[in-house]
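# just the structure for this:
(one chain, ligands or ions: 1)
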Amino acid sequence: MDAISYERAGDVAGAVRAAQQPGAVFIGGGTNLLDLMKGGVARPVRLIDITHIGGLDSVASLPGGGIRIGALVREQYPLLSQALLAGASAQLRNMATVGGNLLQRTRCGYFYDPAFTQCNKRMPGSGCAALDGHNRMHAILGASPQCIAVNPSDMSVALAALDALVLVSGPSGERTIAFADFHRLPGDRPDVDTTLEPGELITAVDLPPPLFSAHSHYLKVRDRASYAFALVSVAAALQMDGERVQSARIALGGVAHKPWRANAAEQMLSGQPLSQATLKKAAAAALSGAQPRHDNAFKVRLAQRAIVRAVNRAAGYTGGVA
Ligand code: SF4
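Okay, the predicted model is just below:
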């Protein structure tokens with residue numbers, strides 16, 4: 001095993017400085033990083049422990065009614081808490097952090113097993129074993145011939161629906177990234193999951209005022225009831241005026257390399273009475289660009305039905321739908 005050095009950062013500036021060293025990575029809860037290290041997928045030579053940095057574990061109110069969640073905070077918000085509860089075992093939730101959750105790497109089996117020599121995400125330019133291999137769990141939207149992996153995070157799907165902002169600090173200072181721009185589609189660089197620059201540290205996530213808390217629902221469809229990644233998930237958030245949808249937010253998980261906002265479906269629902277016919281058309285529109293592989297065509301219909309169910313649940317309808 002390679003030697004690994006460990007450094008405990010005392011503040012954000014110190015962590016960012018330490019991360020300039022070759023082979024350095026930040027470690028928070030470590031729930032994904034340690035898996036990657038044990039499997040030989042990640043080989044950092046320096047671990048920069050950020051868990052003792054003051055202020056990263058706090059939740060603060062923002063002017064205008066939103067909240068700021070420190071990168072080391074471990075819970076929050078109705079749609080977000082449902083996604084978090086769906087996301088992992090109690091042990092993992094106790095260790096995992098907000099920042100680490102956003103940076104989880106795909107659960108593609110070919111990525112995690114170095115015995116497979118074709119994986120563009122692990123070894124750029126080597127190919128993609130999933131294209132013609134087992135791809136039941138893989139992407140149906142936004143994939144590329146280089147990679148068809150999906151993002152595994154439940155929390156990120158909720159944060160996408162809520163239009164969160166990701167606050168980062170790095171060698172060039174601080175900046176804010178709109179959640180929609182934080183994760184990347186694979187394109188020809190599937191080895192790069194996010195738009196973080198080298199050495200940038202997530203310090204917090206800002207949530208806008210909770211306009212959707214009365215009408216939101218996170219639905220996760222998976223193979224078994226506990227500790228499984230989503231086949232498909234839906235974060236649905238509505239602002240309602242009686243039976244009319246004032247505005248709708250719908251994000252999908254388990255279908256793409258990043259949380260997938262269903263913009264066309266949102267537009268079709270917004271300003272309309274919530275009829276089942278409109279909802280089914282909106283769900284169909286959300287999946288109109290789907291390009292399934294040989295094992296995962298079932299996800300198209302599943303995602304459409306999940307959208308219908310999640311939006312109905314968000315609106316408060318609980319019976320006989322989808
Ligand atoms: Fe690797 Fe992506 Fe292909 Fe999986 S889908 S084998 S992560 S390149």
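# what about Arg301, helix or strand, and which?
For Arg301, the host element (DSSP states H and E) is helix 298-315.
# SS state for the nearest residue to Ala9 once chain neighbours are set aside?
The shortest distance from Ala9 to any non-neighbouring residue, by C-beta to C-beta, 6 or more residues apart in numbering, is to Ala15 (3.6 Å). Yep, even glycine has a C-beta here, placed from its N, CA and C like the rest. Under DSSP: H, G, I helix; E, B strand; the rest coil, Ala15 falls in the helix class.
# list the residues that contact Ala15.
Counting by C-beta atoms under 8 Å, 6 or more residues apart in numbering, Ala15 touches 9, 26, 48, 50, 53, 201.
# of those, which is the most crowded?
Greatest neighbour count in those, by other C-beta atoms under 10 Å, goes to Ile50: 28 neighbours.
# isn't it right next to Ile27, touching?
Yes: counting by C-beta atoms under 8 Å, Ile27 is a contact partner of Ile50 at 7.1 Å.
# helices of the stretch 201-322 of the chain, start to end?
For the stretch 201-322 of the chain, the helices defined by DSSP state H, counting those that start in this stretch occupy 263-269, 276-286, 298-315.
# what is the last one packed up against?
Just to be clear, that refers to helix 298-315. If you count contacts as 3 or more C-beta pairs under 8 Å, 6 or more residues apart in numbering; DSSP states H and E, helix 298-315 packs onto strand 216-221, strand 232-241, strand 244-253, helix 276-286.
# once you drop chain neighbours, what's closest to Asp35?
Distances taken as C-beta to C-beta, 6+ apart put Tyr112 closest to Asp35, at 7.7 Å, once the chain neighbours are dropped.
# identify the bridge partners of the residue nearest to Leu211 when sequence neighbours are not counted.
Spatially, and ignoring its direct neighbours in sequence, Leu211 is nearest to Gln239 (5.7 Å; C-beta to C-beta, 6+ apart). Beta-bridge pairing for Gln239 (DSSP bridges): Ser247.
# surely Gln239 and Ser247 touch.
Yes: with contact defined as C-beta under 8 Å, Gln239 reaches Ser247; the gap is 4.8 Å.
# break this protein into its domains for me.
Per automatic domain parsing, the structural domains of the chain span 1-54, 55-207, 216-315.
# need those in TSV with distance to the ligand, can you?
Supplementary listing: those in TSV, determined by distance: least, C-beta to the nearest ligand atom, whole Å:
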stretch	distance to the ligand
domain 1-54	10
domain 55-207	3
domain 216-315	8
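# could the ones you listed be laid out in a markdown table, adding mean pLDDT?
Shown next, in a markdown table, are those (pLDDT from 0 to 100):
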| stretch | mean pLDDT |
| --- | --- |
| domain 1-54 | 89 |
| domain 55-207 | 88 |
| domain 216-315 | 95 |
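# show me what contacts the residue nearest to Ala158 when sequence neighbours are not counted?
Take Ala158 and drop its neighbours on the chain: the residue closest to it by C-beta to C-beta, 6+ apart is Ala83, 3.8 Å away. When contacts are counted by C-beta under 8 Å, 6+ apart, Ala83 touches 154-155, 157-158, 218, 220, 233, 235.
# most neighbours, which of these?
With neighbours defined as other C-beta under 10 Å, the most crowded of those is Ala235; it has 33 neighbours.
# how close does the nearest residue to that residue once chain neighbours are set aside sit to Ala248?
Computed as C-beta to C-beta, 6+ apart, the closest residue to Ala235 that is not its neighbour in sequence is Ala161, at 3.9 Å. Distance check for Ala161 against Ala248: by C-beta to C-beta, to the nearest Å, it reads 10 Å.
# so what sits against both of these two?
Joint contacts of Ala161 and Ala248 (C-beta under 8 Å, 6+ apart) are 236-237.
# what about the closest residue to Arg43 other than its chain neighbours, distance to Arg301?
In space, and not counting its chain neighbours, Arg43 is closest to Asp2: 6.2 Å by C-beta to C-beta, 6+ apart. Separation of Asp2 from Arg301 (C-beta to C-beta): 46 Å.
# looking at those two, which is more packed in?
Ranked by neighbour count (other C-beta under 10 Å), Asp2 and Arg301 place Arg301 first, with 14 against 9.
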